[in-house]
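Asks: Sequence first, predicted coordinates after that:
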Amino acid sequence: KMRKKFGKIAKNRIVHCINQSVEPEQPSKAYKTTDVIFYDDFDDNKNNWTVGKSKRATTGIDSGFYYLTSLGHAYGEEREVKIDTRKNFQIETRIKILNGNSEHKHYYSMLFWGRKAMVGYYFTFAKDGFASVEVCDGKNQSSCTVKTGSFQKTVLDPAGFNVYKIKKVGNTYTFYINGTEYYTMPFTPFFGNLIGFGAG
């Protein structure tokens, strides 16, 4: 019975890679030379992710993967990563949703960035293939605003790993799923420096 309430995310070796461009004035060359300012391959716990079991989640690192199982309510893990938002940058992660409710409307996983406390930006996705970009200012789904035109069916593989990328060039964010452009919107300033991921 309880398994239906669990949302589990397994993240692979290239997870949570953030690239900071060193040539912001030349968008065409923006990612030819990059400095990686945060990266985790989960071969160990060098970045001090939460590992263990609590009443809210079960988390662990095993064989290059970080496992996150939400128990009842959405749960997320985050790290403070300082990005110079005057420059071009990209945030990329590879995630597989192992189980859980597949409907995006009431249940989704996410990559979030530019967050401070509960206020931040969310790139959301679910096994039904739907994704969205949201701005949230609280811990409940009702406190999130979906960016116009972002809620749509995508090329997401419901049974496998998917690569999610947020790329900022100039004054524009472009979102990708598995290398396919999914959505664009104007860049807006960060609320804070927290970046992470969560399970519904």
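Replies: Structure received. Numbers count the residues shown, from 1 in each chain.

Asks: on contacts alone, who are the packing partners of the host helix or strand of residue 113?
Replies: Using DSSP states H and E, residue 113 sits within strand 109-116. Packing partners of strand 109-116 (3 or more CB pairs under 8 Å, 6 or more residues apart in numbering; DSSP states H and E): strand 75-80, strand 89-99, strand 119-125, strand 162-169, strand 194-199. In short, each C-beta sits where N, CA and C put it, glycine included.

Asks: Need the contact partners of the fourth one.
Replies: To tie it back to what came earlier, the one meant is strand 162-169. 14, 27, 30, 85, 88-96, 111, 113, 123, 125, 156, 173-179, 187 (CB atoms under 8 Å, 6 or more residues apart in numbering).

Asks: follow-up on the earlier one: out of the helices and strands packed on strand 109-116, which is closest to residue 36?
Replies: strand 89-99 (10.4 Å; CB to CB).

Asks: Can you list the buried residues in the closest one?
Replies: Buried residues in strand 89-99, defined by neighbour count with 16 or more other CB atoms under 10 Å: 89-98.

Asks: List just the nearest of these to residue 47.
Replies: Nearest member of the buried residues of strand 89-99 to residue 47, counting by CB to CB, is residue 93, at 13.4 Å.

Asks: wait, doesn't that closest one sit right on residue 113?
Replies: No. The criterion here is CB atoms under 8 Å, and residue 93 misses it with residue 113 at 10.3 Å.

Asks: Just give the number of residues close to the closest residue to residue 103 other than its chain neighbours.
Replies: Leaving aside its sequence neighbours, residue 103 sits nearest to residue 128 (CB to CB, 6 or more residues apart in numbering; 5.6 Å). Residue 128 has 16 neighbouring residues, counting by other CB atoms under 10 Å.

Asks: quick one, phi/psi of residue 128?
Replies: Backbone torsions for residue 128, taken as degrees, to the nearest 10, come to phi -80, psi 0.

Asks: now swap in the one 4 residues further on and tell me
Replies: Listed backbone geometry of residue 132 is phi -160, psi 160, with angles given as degrees, to the nearest 10.

Asks: hang on, isn't it packed against residue 109?
Replies: No. Assessed by CB under 8 Å, residue 132 is found out of contact with residue 109, at 11.6 Å.

Asks: Please identify which of these two sits among more neighbours.
Replies: residue 109 (26 against 23).

Asks: tell me the contacts of the more buried one?
Replies: So residue 109 contacts 7, 9, 95, 97, 124-126, 197-200 (CB under 8 Å, 6+ apart).

Asks: May I see those organised as CSV, with pLDDT and distance to residue 152 added?
Replies: Formatted as CSV, the contacts of residue 109 follow (pLDDT from 0 to 100; distance: CB to CB, whole Å):
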residue, pLDDT, distance to residue 152
7, 43, 21
9, 51, 21
95, 94, 18
97, 90, 18
124, 92, 12
125, 93, 11
126, 91, 12
197, 91, 21
198, 90, 21
199, 88, 21
200, 79, 18
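
Asks: In TSV: the helices and strands packed on strand 109-116, plus distance to residue 69.
Replies: Shown next, in TSV, are these (distance: least, CB to CB, whole Å):
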stretch	distance to residue 69
strand 75-80	8
strand 89-99	8
strand 119-125	17
strand 162-169	18
strand 194-199	7
